[in-house]
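Participant: Kindly return the folded structure for what I paste below:
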Amino acid sequence: MTTLTETTHPGGFLVWEAFRDYTRETITVAAGALEPGTVLGRITASGKYAAQDPAAVDGTETAVAVLWGKADATGGDAPAVALIRGPAIVNRNDLVFAGSLGAPEIAAAHAALLAAGILVR
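Facilitator: Reported below is the predicted structural model:
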């Protein structure tokens, strides 16, 4: 018997949202090949988004959004859709963090998302 494995897919992290036309927006991803559910930070100087990085000092140190689907910005800026505001609830087990974050960094990212109305459960 063949075993099927479900991989990440657009919006798979979402538990609930109030109004999709309100909670999601088209954004510009500045760097990297990112998977659905990647926690994003916003680059202050450009307004573009990249994977959240607690060690950064360019704005991406603060979690502000969650990437809806795949985005490949390895060759330059790429358009994408992200969950940028709530009310919304996301599954903590389906969020993707760049690098290897410890529990305090992940808790800080969850708190920052909550400030945007995105509750992590």
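Participant: Which helix in the protein has the most residues?
Facilitator: Ranked by residue count and defined by DSSP state H, the top helix of the chain is helix 103-115.
Participant: For that helix, which outside residues touch it?
Facilitator: If you take C-beta atoms under 8 Å, 6 or more residues apart in numbering as the criterion, helix 103-115 is touched by 39, 52, 54, 62-64, 66, 90, 92, 97, 101, 119-120. All C-beta atoms are positioned from the backbone trio N, CA, C, and that covers glycine.
Participant: Now that helix: average pLDDT?
Facilitator: What helix 103-115 shows for mean pLDDT is 98.
Participant: Pull the distance from it to the chain's centre.
Facilitator: For helix 103-115, the gap between its own C-alpha mean and the chain's C-alpha mean amounts to 12 Å (C-alpha atoms, centre = their mean, to the nearest Å).
Participant: follow-up on the earlier one: for the contacts of helix 103-115, give me CSV that also has neighbour count, secondary structure and distance to residue 113.
Facilitator: As requested, the contacts of helix 103-115 are arranged in CSV below (neighbours: other C-beta atoms under 10 Å; DSSP: H, G, I helix; E, B strand; the rest coil; distance: C-beta to C-beta, whole Å):
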residue, neighbour count, secondary structure, distance to residue 113
39, 28, strand, 7
52, 30, coil, 9
54, 19, coil, 13
62, 20, coil, 10
63, 29, strand, 5
64, 22, strand, 8
66, 27, strand, 7
90, 25, strand, 8
92, 12, helix, 10
97, 17, coil, 12
101, 17, coil, 14
119, 16, strand, 8
120, 23, strand, 6
